[in-house]
Each structure stands twice: as C-alpha cells, then as structure tokens.
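Need a 3D model of the following:
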Amino acid sequence: MFLKDAIDQYYLSCKVSNTSTRTISGYEYNLTNFQNVIGDIPINELSANHIRMFMAHEMGRTNKHTGATLSSYTINKAYSVVRCFCKWMVNEELIDTAPTDRIKPPKVDNGLPEALTREEIRKIFNYLDIVGSFRDKLIFEFFLDTGCRVAEVANLKLDDIHITEGWAKVKGKGRKEGIVPLGKKLCFDLNLYILKYRRAPDDEMALFVSSMAPYKALTRDGISSMVKRVHKSVGIKGKYGPHKLRHTMATQFIANGGDIAILRRILRHTNITVTQRYINLVQNDVQDAHRQHSPLDNLN
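Purely as a prediction, here's the structure:
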C-alpha cells in the first residue's frame with residue numbers, strides 16, 4: 001500500500017469515529033504537506049528519516065500570510081498529526097512499528113500568553129460604542145467575562161443561556177460540555193440583546209447571528225475576523241484575536257483577587273499548571289512587594 005491510500009483510509013476512519021470536520025481538515029492540511037515532502041512512497045518503506053525530513057521542512061517554512069517562520073506550536077502540531085497517523089497504521093496492522101517512536105517531539109516555546117491591559121480594553125469598548133454594533137460589543141463582553149474559546153461562542157444557542165440563574169452551557173474541546181458563570185452586566189446585556197437587537201427567523205437558534213438577512217448564525221471564522229478587525233482598528237500591538245481575550249479574562253480575574261482554582265474550573269483546564277501561567281502576567285502585586293522588601297534597598 002502507498003502512502004496516499006493509507007492517508008485516505010485514515011480520513012475515513014476519522015469520519016466514522018465522529019471526529020469533527022474542522023479537526024479532519026487540520027489532519028488533511030498537515031498530511032498533505034507530509035506526503036508532498038516525502039512523496040507517495042510505499043508505507044512499509046516509511047522511516048524515521050522521512051519524519052525528520054518533514055520536520056526540517058516545516059521548520060524552514062514560513063506563514064504564507066505574514067511571511068514569518070512557523071511557530072514552535074505549529075511545528076509541534078504537524079508532528080503530532082503525523083505521529084497519530086503512524087500509530088493508527090500500527091493499530092491497523094498496516095506497518096509493524098511507528099517511525100515516530102524513534103523521534104522526540106519538537107520542543108514548544110513556553111512563552112507567556114499575551115493579554116490586553118485595562119486601558120486597551122477601555123479603548124476597544126469606546127471604539128465599539130462609537131462605530132460598532134451592540135452585538136459586537138456583547139461578543140467582546142462574553143469573551144472577557146467568561147474566557148470562552150471562539151468555537152464555544154460561535155456554537156452558543158439561545159437555550160444555552162440561563163440569564164436568571166447566571167450561567168451558560170458551552171461545548172468545548174472534544175465535544176465536552178461545560179458550564180460557565182455569567183456576570184451581572186453580561187446577563188443584563190444578553191437579555192437586552194435577545195429582546196431588542198437580535199433579529200433572526202424562528203428556526204434559527206444560534207445566539208449570535210448576522211446583522212443582515214437572512215440572519216444566519218455567525219461562524220467561528222466570522223467572529224474571529226470581527227475581533228481581529230476591532231483589535232487592529234484601535235491599534236492593539238502584538239498578537240490579537242479571540243484567544244487573546246481568553247488570556248485577558250484570566251489575567252484580569254487574578255488581578256481582581258480571583259482564586260486560581262476557581263479560574264481553572266471556569267476555563268476548564270485539565271491541568272492547573274496551564275492556569276498558573278497567568279499568575280506571571282499579573283505583576284503589580286509582585287512589584288509592590290519587591291519595592292517594600294527589596295534586599296538591596298533594605299541593606300542600609
């Protein structure tokens with residue numbers, strides 16, 4: 001069997017396993033790149049060196065939109081896709097051993113996540129009050145109050161929102177459902193949006209819909225584009241997009257005295273070490289304490 005045939009069988013297996021369309025699309029992107037680099041070779045000739053060739057190619061590749069080299073996370077993701085594919089071939093008894101077993105995964109840079117400052121948050125809302133819609137303002141409020149991911153916001157339905165009780169049901173990674181609390185202001189604005197601003201046909205159950213007929217559900221990409229456009233319009237530096245709003249919610253929650261264990265439950269992290277990264281972004285308390293207790297300043 002040749003590589004292309006094995007990859008096609010892998011896609012079929014993923015579909016039968018009810019893997020999401022977006023996830024399969026990511027597999028297709030990376031495995032197509034993999035096949036283009038090493039060629040459509042017989043799978044029994046696949047070796048660790050072929051994996052190294054592919055990884056070297058990815059490390060030298062640039063983003064076609066920005067021209068920047070691929071991030072360590074993107075490279076690691078490409079390796080993970082190839083590794084899962086190789087392990088699947090072993091499980092299917094198409095090959096005896098996975099060539100990825102002899103290669104360490106590429107390291108990921110553990111840089112601090114970027115978050116907005118309070119001044120930048122104010123600039124965004126001032127901008128939206130002037131030129132934005134109430135819906136767009138509410139989407140930003142939802143991100144900043146709940147820390148939800150963009151797919152979770154795009155998938156929200158009307159019956160997922162429980163304004164009186166102050167919570168919402170979201171579908172997270174791996175189709176997992178979770179509960180996120182809603183603040184008082186967010187609940188007030190959600191109610192106002194649903195009663196006054198949201199226009200949609202009776203059979204459209206999405207919470208956030210387009211502002212023009214036929215008023216269909218906003219897509220993940222549509223929400224992401226809107227958020228990036230607003231960030232760019234107000235001059236936000238560095239990375240920007242929906243996930244930056246998730247980082248911002250986390251840092252502001254801690255800065256306001258929130259408990260790290262509660263934040264973990266809100267963000268639905270499986271490992272609290274992921275949540276603890278945000279502590280390092282909240283520097284004011286650390287700086288104040290250092291000014292008071294600096295060993296060098298107190299030497300005399």
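
Please enumerate the helices of the chain.
Secondary structure of the chain by DSSP state H: the helices cover 3-16, 21-38, 48-59, 72-91, 118-131, 134-146, 150-154, 184-192, 220-233, 242-255, 260-267, 272-276, 284-293.

Any buried residues in the second one, and which?
Using 16 or more other Cβ atoms under 10 Å as the test for burial, helix 21-38 gives 27, 30-31, 33-35, 38. Glycine gets a C-beta too; all of them are placed from N, C-alpha and C.

which other helices and strands contact it?
helix 3-16, helix 48-59, helix 72-91 (3 or more Cβ pairs under 8 Å, 6 or more residues apart in numbering; DSSP states H and E).

Repeat that for the fourth one.
Helices and strands touching helix 72-91, as assessed by 3+ Cβ pairs under 8 Å, 6+ apart, comprise helix 3-16, helix 21-38, helix 48-59.

sorry, back to before: reformat the buried residues of helix 21-38 as CSV; add pLDDT.
CSV is the format used below for those (pLDDT from 0 to 100):
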residue, pLDDT
Tyr27, 94
Asn30, 95
Leu31, 96
Asn33, 95
Phe34, 96
Gln35, 96
Ile38, 94
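
Looking at the residues you listed, which is nearest Lys176?
Taking Cβ to Cβ as the measure, Lys176 lies nearest Tyr27 of those, at 19.9 Å.

Please name the nearest non-neighbouring residue to that closest one.
Val81 (5.6 Å; Cβ to Cβ, 6 or more residues apart in numbering).

What of Arg246?
With Cβ to Cβ, 6+ apart, the residue lying closest to Arg246 is Gly147, at 4.9 Å.

What is the burial count for that neighbour?
Per other Cβ atoms under 10 Å, the neighbour tally for Gly147 reads 21.

Could you do Thr97 as well?
Thr97 has 12 nearby residues by other Cβ under 10 Å.

show me the contacts for it.
Counting by Cβ atoms under 8 Å, 6 or more residues apart in numbering, Thr97 touches Val90.

So what does it look like in phi/psi?
The phi/psi pair for Thr97 (degrees, to the nearest 10) reads phi -140, psi 150.

Please report how far it lies from Leu31.
Counting by Cβ to Cβ, to the nearest Å, the gap from Thr97 to Leu31 is 19 Å.
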